[in-house]
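Undergrad: have a look; sequence and predicted model below, questions after that.
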Amino acid sequence: MAANEFRAIIVTRTEDETGKRHQSAELTTVTDDVLMDGDVTVAVEFSSINYKDGLALMGKPGVARVWPLIAGIDLVGTVESSTDPRWAPGDQVILNGAGIGESHHGGLAERARVAGTSLVRRPDAVSAVRAAAIGTAGFTAMLAVLALERAGVAPDSGDILVTGASGGVGGVAIALLAARGYRVVASTGRGGELGDYLRGLGAAEILDRHTLDEAGKPLQAQRWAGAIDSVGSFTLANILAQTHQGGVVAACGLAQGPDLPATVMPFILRAVTLAGINSVEAPPALRVQAWDRLAADLDFDLLDGLTEVIPLAGSFDAAERILAGRVHGRTVVDVRR
């Protein structure tokens, strides 16, 4: 392979004679000429497979916004060159979200060119593979925990509900909250299969997700001091209706749907706060704060136990499995393999 050649998973879109659009992805070899604008070039070591990546790799719409596009919303690697004075060759960096894998070439490749403003220096306490295992999922979970803390939700405030508990965000959120002394209730549809796994992460109780996923009353019995929800729709509406006076719900996903069939009753009668979590557009200072806390708070032995490492070519199988709901924990891609 020539010096400026590298392997990448490229998402493309075509249009047939009827005007119907088709999206597909393949692992191929490209050159530096395909890289987009950016002031830092990174030799990528690891990426990961998130739900968004699964959609892009399996030809589903809604994630890729430009074509052709290198997939991957996470990257961990080493700076090769930089015109940004904050970064120099040899620096160890992390990038989560910030448009990569959506509107800018992403991390499922051996090389990336990105904006230095979105990079975070990899903490010394976090290895490269662990940083990729944390990825956008763990970064999002930490942003949600920080939102609860900023609003005054403390370990002695009461139970914290985590939905989508078997997913990447949910698993890391459980571990982070439990490590801080919160009592965590994990909502999942796979309690029989994954109950022991979730308790191992720190969940004190398992709740069947189906108790939350249908229409409910505007106000219900108060159960939660706070919640981290990656499901949306009726689930989020019911969580709001069950949240304590002054409680906080951090919303970071829409696995059930993007709708919110709720009323204003929890907000005006119980002073409940709905905090939105947007990991893609998180500002630099918040990115650094989140990664500093991840380095300090996360049990890395637990993280290792929920991490699978695969080669770049294995991304397609992992994408299929994550869309089918057959993945729990984190899937790291070693792009050099």
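TA: Now that the structure is in, tell me what you want to look at.

Undergrad: what's the closest non-adjacent residue to residue 93?
TA: residue 119 (4.5 Å; CB to CB, 6 or more residues apart in numbering). All C-beta spots, glycine's among them, are computed from the backbone N, C-alpha and C.

Undergrad: number of nearby residues for the one you found?
TA: Applying other CB atoms under 10 Å, we find 26 residues neighbouring residue 119.

Undergrad: show me what contacts it?
TA: The neighbourhood of residue 119, defined by CB atoms under 8 Å, 6 or more residues apart in numbering, consists of 40, 86-87, 93-95.

Undergrad: cool, residue 258 as well?
TA: The contact partners of residue 258, by CB under 8 Å, 6+ apart, come to 232-233.

Undergrad: do you know the pLDDT at it?
TA: On pLDDT, residue 258 comes in at 95.

Undergrad: now residue 325
TA: The predicted local confidence for residue 325 is 81.

Undergrad: would you agree it falls within a helix?
TA: No. According to DSSP: H, G, I helix; E, B strand; the rest coil, residue 325 belongs to no helix; its state is coil.

Undergrad: so what's residue 58 up against?
TA: For residue 58, the contact set (CB under 8 Å, 6+ apart) comprises 25, 316, 319-320, 323.

Undergrad: repeat the analysis, applying 7 Å as the threshold.
TA: Residue 58 makes contact with 319-320, 323, according to CB atoms under 7 Å, 6 or more residues apart in numbering.

Undergrad: adding distance to residue 260 and neighbour count, write those out as a markdown table.
TA: Shown next, in a markdown table, are those (distance: CB to CB, whole Å; neighbours: other CB atoms under 10 Å):
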| residue | distance to residue 260 | neighbour count |
| --- | --- | --- |
| 319 | 28 | 27 |
| 320 | 30 | 14 |
| 323 | 23 | 16 |
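
Undergrad: between those, which is nearest residue 147?
TA: residue 323 (27.7 Å; CB to CB).

Undergrad: surely that closest one meets residue 53?
TA: No. Using CB atoms under 7 Å, residue 323 is not in contact with residue 53; the gap is 9.9 Å.

Undergrad: pull the number of nearby residues for residue 78.
TA: Neighbour count of residue 78, defined by other CB under 10 Å: 15.

Undergrad: what's across from the residue nearest to it when sequence neighbours are not counted in the sheet?
TA: In space, not counting the residues next to it along the chain, residue 78 is nearest to residue 43; the distance is 5.0 Å by CB to CB, 6+ apart. Bridge pairing for residue 43 (DSSP bridges) gives the partners residue 78, residue 111.

Undergrad: again with residue 31
TA: Residue 31 forms beta bridges with residue 5, as assigned by DSSP bridges.

Undergrad: helix or strand: which one has residue 237?
TA: helix 233-242 (DSSP states H and E).

Undergrad: residues contacting that helix, please?
TA: Here helix 233-242 makes contact (CB under 7 Å, 6+ apart) with 161, 163, 212-224, 227, 229, 249, 251, 256-257, 259-262, 266, 272, 274.

Undergrad: which stretches of the stretch 1-150 of the chain have low pLDDT?
TA: Confidence mapping of the stretch 1-150 of the chain against pLDDT under 70 gives the ranges 1-2.

Undergrad: and the helices in it?
TA: Counting by DSSP state H, counting those that start in this stretch, the stretch 1-150 of the chain has these helices, from start to end: 51-57, 128-150.

Undergrad: how far does the shortest one sit from the chain's center?
TA: Meaning helix 51-57. Here helix 51-57 is found 12 Å from its chain centre; the criterion is CA atoms, centre = their mean, to the nearest Å.

Undergrad: next: the longest one.
TA: Distance of helix 128-150 from the chain centroid (CA atoms, centre = their mean) equals 8 Å.

Undergrad: contacts for that helix?
TA: 45-48, 50, 73-74, 76, 94, 96-97, 122, 168-169, 172-173, 176-177, 226, 228, 248, 250, 252, 275, 277, 279, 282, 290, 293-294, 300, 303, 307, 309, 330, 332.

Undergrad: leaving out chain neighbours, which residue sits closest to the residue at minimal distance from the centre of the chain?
TA: For the chain, the residue sitting closest to the mean C-alpha position, by CA atoms, centre = their mean, is residue 137 at 2.4 Å. Nearest residue to residue 137, sequence neighbours excluded (CB to CB, 6+ apart): residue 168, at 3.0 Å.

Undergrad: contacting residues around the one you found?
TA: Counting by CB under 7 Å, 6+ apart, residue 168 touches 50, 137, 330.

Undergrad: and the first one, backbone torsions?
TA: The reference is to residue 50. Backbone torsions of residue 50, given as degrees, to the nearest 10, read phi -110, psi 170.

Undergrad: please report how far it lies from residue 36.
TA: 20 Å (CB to CB, to the nearest Å).

Undergrad: which one of those two has more residues nearby?
TA: Set side by side, residue 50 and residue 36 show more neighbours around residue 50, with 27 against 15, by other CB under 10 Å.

Undergrad: separation between the more buried one and residue 212?
TA: Going from residue 50 to residue 212 by CB to CB gives 23 Å.

Undergrad: with residue 171 instead?
TA: 18 Å.

Undergrad: between the two, who's got more neighbours?
TA: Between residue 171 and residue 212, counting by other CB under 10 Å, residue 171 is the more crowded of the two (29 against 23).

Undergrad: fine by me, thanks again.
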